[in-house]
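A.B. asks: Any chance you can model this:
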Amino acid sequence: WKAHYRPVTCLAFDKDDGATLFTAGEDGVVNAWCLLDLVDQDCPSGGSGSIHPFQTWSEHQLPVTSLCVLPGSGRGSTRLVSSSLDRNLIIMELGGATSSKSFDGSGRTLARMCLPSGLHTVVTDSSTGRLYGGGSDG
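C.D. replies: Below you'll find the model as predicted:
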């Protein structure tokens, strides 16, 4: 299946139940996929090449270099951070869960931080909730 228009650069799973796969690529796009749709051959879109992400963020102008799902998002939402060579860290939220425990497809950008150099990675310290970005300038 075509996940992106350019090569995929990183993958991440949600930390609650692993049912959502996040992909990011050189096209600057972050997508959220239902993992069951990707592996279930009985799913109407499974294996047919017509699988589509249920959420897409097009926030970056250059390739996305790293994804980090934030711990403790909980309460029916998942938050993730992307880093890019465009010098931006972007915090995104995948909307709340519906009664069937599947996401309702609403997503939004919560914050954008522009740093002094292109970023190669982003990680979080789960004990303090801090984000760390690794830039091209060290």
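A.B. asks: could you list every residue that touches P53?
C.D. replies: Neighbour list for P53: A3, T23, N31, A32, W33 [criterion: Cβ atoms under 8 Å, 6 or more residues apart in numbering]. C-betas here are computed from N, CA, C, even on glycine.
A.B. asks: quick one: which of those is most hemmed in?
C.D. replies: The residue in those with the most neighbours, by other Cβ atoms under 10 Å, is A32 (23 neighbours).
A.B. asks: G138 and H120, how far apart?
C.D. replies: 10 Å (Cβ to Cβ, to the nearest Å).
A.B. asks: Please save the CA atoms from the helix-or-strand element of the chain with minimal mean pLDDT in PDB.
C.D. replies: For the chain, using mean pLDDT, DSSP states H and E, the weakest element among its helices and strands is helix 35-39, scoring a mean of 84. Coordinates of each C-alpha in helix 35-39 appear next as PDB, following Å, rounded to 0.1, in the frame of the first residue of the first chain:
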ATOM      1  CA  LEU A  35      -3.400  -1.400  12.300                       C
ATOM      2  CA  LEU A  36      -6.300  -3.900  11.900                       C
ATOM      3  CA  ASP A  37      -7.000  -2.400   8.500                       C
ATOM      4  CA  LEU A  38      -3.400  -3.000   7.400                       C
ATOM      5  CA  VAL A  39      -3.300  -6.700   8.400                       C
END
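A.B. asks: can you pull the buried residues of stretch 4-21?
C.D. replies: Residues of stretch 4-21 classed as buried by neighbour count (16 or more other Cβ atoms under 10 Å): H4, T9, C10, A12, D14, K15, T20, L21.
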